[in-house]
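**Q** What follows is a predicted protein model with its sequence.
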Amino acid sequence: MEDSRARRIATVALLGLALALGVSIATAADFRLVVSQPGLKAPTSVEEGAPQAPPGDDPSPPTGPALYSFTSHTFTNCGQTGGLGPSLEFCQAAYQADWAQDAALYSVDGGIQRWVVPESGLYRLEAAGAAAAATTNRRGAVLAGEVFLAAGTELHMAVGQIGSSNMNGGGGTFVVIDGAEPLLVAGGAGGGNSQRAEFNQNFNGRLTTSGARGEASGSLMRRGAGGENALGGGASSSARGGGGLLGGGVSEFIGGGESFMDGARGGAINGVHRGGFGGGGSGSATNHGGGGGGYSGGGGGGVSGANRRGYSSGGGGSFISDLFISAATHGGFFDATGAVHPAYTGEVGVVAPEMNAGHGYVVIERLED
């Protein structure tokens with residue numbers, strides 16, 4: 001147990017250093033969809049961008065006997081809403097799968113679900129961030145891809161949840177290898193209730209690694225900045241930022257969404273977690289929206305000093321590891337380093353054509369090698 005804890009702490013430290021230096025987290029040399037190394041040419045098509053194995057080498061991992069039978073499964077919020085994730089008992093009842101009853105293969109800790117890969121081979125993953133509320137058009141990002149996974153690998157998943165009202169940010173959905181290395185993150189939507197369309201531009205979950213800033217009218221109005229480098233979003237005077245992978249949302253008092261590494265709970269006010277699980281930030285009782293959770297958190301919405309009118313907050317950022325051999329998004333692109341890259345849709349299968357209007361989810365499907 002102590003060795004495992006030490007390895008996790010060391011991995012998180014190295015991850016933070018890599019993000020600070022702007023280098024890729026994963027080791028694949030040719031597929032740099034998310035964080036490109038300086039001087040590396042961005043791929044322009046599936047054929048050009050796909051990783052190329054050396055002659056005579058097979059890029060797929062060796063296969064062996066499966067730990068248990070598995071075809072596909074959708075991981076959900078298991079009926080839970082608000083800022084706290086589901087319990088093991090809720091998910092076991094929701095899933096009705098034999099592996100979910102085996103503590104060696106599946107567990108839930110503080111709402112974060114741990115699932116053990118049953119067999120080495122090719123898998124399709126799809127993740128969706130949570131909407132800010134079911135009654136608004138503030139929606140979560142949807143991303144998918146194909147990736148080789150080794151049997152016994154642990155995937156830790158925080159499935160984003162809608163907040164307690166449309167003022168609160170939706171949670172991001174995180175899929176993380178062995179609790180430390182991000183594989184796929186889908187940004188949640190920012191909350192708020194701006195009454196003017198021009199201040200409702202940034203609230204959806206993002207197809208970029210950075211979170212969106214909160215909206216505001218005029219250069220002097222305070223609004224929360226979007227988070228960057230896996231950190232949380234900034235706060236306005238009344239709205240809190242969403243949490244990121246490594247850093248929580250900023251708040252003048254309390255209410256910022258927690259980071260994935262700290263438990264991914266939604267932002268709390270007066271001890272009540274109001275932002276959605278997955279790092280959604282808390283808003284206020286009026287129109288001041290909390291930022292969406294994601295790879296980097298969304299910023300809190302601005303506030304008018306004259307009439308205290310609130311504005312929408314920013315959506316959370318997303319992430320696609322360069323371990324994926326192909327990938328796709330709901331918008332048909334992913335902006336990793338400031339340049340828009342095309343979505344890699346060659347062998348991914350169908351990805352949702354629209355953003356997610358409900359709670360988040362993760363679909364995992366075993367594919368033919």
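**A** On my side now, so go ahead.
**Q** For the stretch 51-200 of the chain, which segments are assigned as helices?
**A** Listed in chain order, the helices of the stretch 51-200 of the chain (DSSP state H, counting those that start in this stretch) span 88-95.
**Q** Would you map the strands across it?
**A** Assigned by DSSP state E, counting those that start in this stretch, the strands in the stretch 51-200 of the chain fall at 72-75, 106-109, 112-116, 121-128, 142-149, 154-158, 173-177, 181-186.
**Q** export the last one as CSV, just CAs?
**A** Pointing back at strand 181-186 there. Output in CSV follows, covering the C-alpha atoms of strand 181-186 (Å, rounded to 0.1, in the frame of the first residue of the first chain):
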residue,chain,number,x,y,z
GLU,A,181,-2.1,9.6,-15.9
PRO,A,182,-5.1,11.2,-17.8
LEU,A,183,-6.4,9.2,-20.7
LEU,A,184,-9.6,11.0,-21.7
VAL,A,185,-11.3,14.0,-20.1
ALA,A,186,-14.6,15.6,-21.3
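**Q** and the helix or strand just after it, which strands flank it?
**A** Using DSSP states H and E, the helix or strand that follows strand 181-186 in sequence is strand 268-269. Sheet pairing of strand 268-269 (DSSP bridges) gives strand 272-273 (antiparallel).
**Q** what lines up beside the following helix or strand past the partner strand in the sheet?
**A** Sequence-wise, the next helix or strand downstream of strand 272-273 (DSSP H and E) is strand 319-320. Strand 319-320 has the following sheet partners, assigned by DSSP bridges: strand 181-186 (antiparallel).
**Q** what's the burial count for Glu146?
**A** Glu146: 20 surrounding residues under other C-beta atoms under 10 Å. From N, CA and C alone the C-beta is placed, and that goes for glycine too.
**Q** hmm, I was thinking of Ala97
**A** 16.
**Q** Surely it and Thr71 touch.
**A** No. If you go by C-beta atoms under 8 Å, Ala97 and Thr71 don't touch, sitting 10.8 Å apart.
**Q** And the pLDDT at Ile254?
**A** With respect to pLDDT, Ile254 scores 64.
**Q** for Gly64, that is, sorry about that
**A** In this model, Gly64 is scored at 70, pLDDT.
**Q** And it, how close does it get to Tyr123?
**A** Distance, Gly64 to Tyr123, using C-beta to C-beta, to the nearest Å: 15 Å.
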